[in-house]
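Trainee: pasting the sequence and the predicted model now:
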Amino acid sequence: MRKHLRKYLPDHTAIHQNRWMAPFAGTLLHPRLWHLNRHSAAGAVAAGLFCGLIPGPLQMLGAAICAVLFRVNLPLAMFTTLYTNPLTVVPIYIVAFALGKFVLGGGGKFVAPPEYGDAGPLAWLERIIEWMAHLGEPLAVGLVLLATLLALAGYATMRMAYRIYLIRAWRSRAKRRSSSRI
């Protein structure tokens, strides 16, 4: 599994030689940020899944900060944030809103955003801000809960996947050794 993932990750020496990375050599070039094992991979997936629900373009920055703080694989954490994209963000936010409504005990349904119409951009922007303020608390609570649940599920799944892979590799190695002795 490590060999498969390693061919997509940047080489550690290439990163050391990059002149743009020189100011961050003390933090971003730490070996644990680029090492790939079951602990760093599971932590990176959890960090990426959690930070993937940060609104706006700050997802990868959040994943990078989490990777540096928790010393998990930096490229994998940043890559994992890509599960939220223009095709998936709306359904994910609807689930987060519903989760927030459920936890807060609120009723009602998800209200679609207002359409542009003929009123002009300022009137539409005012309606959008009012719509977003109505979503505020349930969406915020739902996003944090959903991010936490996804991070826990991703961490557990990655640890189990690595464990299954290792058990199969051990059995395969044992089988090869026993067949070579005969």
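Mentor: Thanks, I have the structure now. Please read these numbers as outputs of a predicted model, since none were measured by experiment.
Trainee: now do the SS call for residue 72.
Mentor: The assignment at residue 72 comes out as coil when based on DSSP: H, G, I helix; E, B strand; the rest coil.
Trainee: thought it was touching residue 33?
Mentor: Yes. With contacts counted by Cβ atoms under 8 Å, residue 72 reaches residue 33, the gap being 7.5 Å. C-beta coordinates here come from the backbone N, C-alpha and C atoms, glycine included.
Trainee: who has more neighbours, the two?
Mentor: Set side by side, residue 72 and residue 33 show more neighbours around residue 72, with 26 against 22, by other Cβ atoms under 10 Å.
Trainee: flag every buried residue along stretch 48-63.
Mentor: By 16 or more other Cβ atoms under 10 Å, the buried positions in stretch 48-63 come out as 48-54, 59-60, 62-63.
Trainee: quick one: low-confidence parts of the protein?
Mentor: Within the chain, the stretches with pLDDT under 70 are 1-13, 15-16, 21-28, 107-111, 182.
Trainee: run the last query once more with 80
Mentor: Within the chain, the stretches with pLDDT under 80 are 1-34, 55-57, 106-119, 128, 131-137, 181-182.
Trainee: tell me which other helices or strands the longest helix anywhere in it touches.
Mentor: The longest helix of the chain (DSSP state H) is helix 121-181. Helix 121-181 sits against helix 38-51, helix 89-104, with contacts defined as 3 or more Cβ pairs under 8 Å, 6 or more residues apart in numbering; DSSP states H and E.
Trainee: quick one, which of those helices is packed in tightest?
Mentor: Among the helices and strands packed on helix 121-181, the stretch with the highest mean neighbour count (mean count of other Cβ atoms under 10 Å) is helix 38-51, at a mean of 24.
Trainee: got the CA coordinates for it in PDB?
Mentor: C-alpha atoms of helix 38-51 as PDB (Å, rounded to 0.1, in the frame of the first residue of the first chain):
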ATOM      1  CA  ARG A  38      -0.400   3.400   9.200                       C
ATOM      2  CA  HIS A  39      -0.300   6.100  11.900                       C
ATOM      3  CA  SER A  40       0.500   9.000   9.700                       C
ATOM      4  CA  ALA A  41      -1.900   7.900   6.900                       C
ATOM      5  CA  ALA A  42      -4.800   7.400   9.300                       C
ATOM      6  CA  GLY A  43      -4.200  10.800  11.000                       C
ATOM      7  CA  ALA A  44      -3.800  12.500   7.600                       C
ATOM      8  CA  VAL A  45      -7.100  11.100   6.300                       C
ATOM      9  CA  ALA A  46      -8.800  12.200   9.500                       C
ATOM     10  CA  ALA A  47      -7.300  15.700   9.300                       C
ATOM     11  CA  GLY A  48      -8.300  16.000   5.600                       C
ATOM     12  CA  LEU A  49     -11.800  14.800   6.200                       C
ATOM     13  CA  PHE A  50     -12.300  17.200   9.100                       C
ATOM     14  CA  CYS A  51     -10.800  20.200   7.200                       C
END
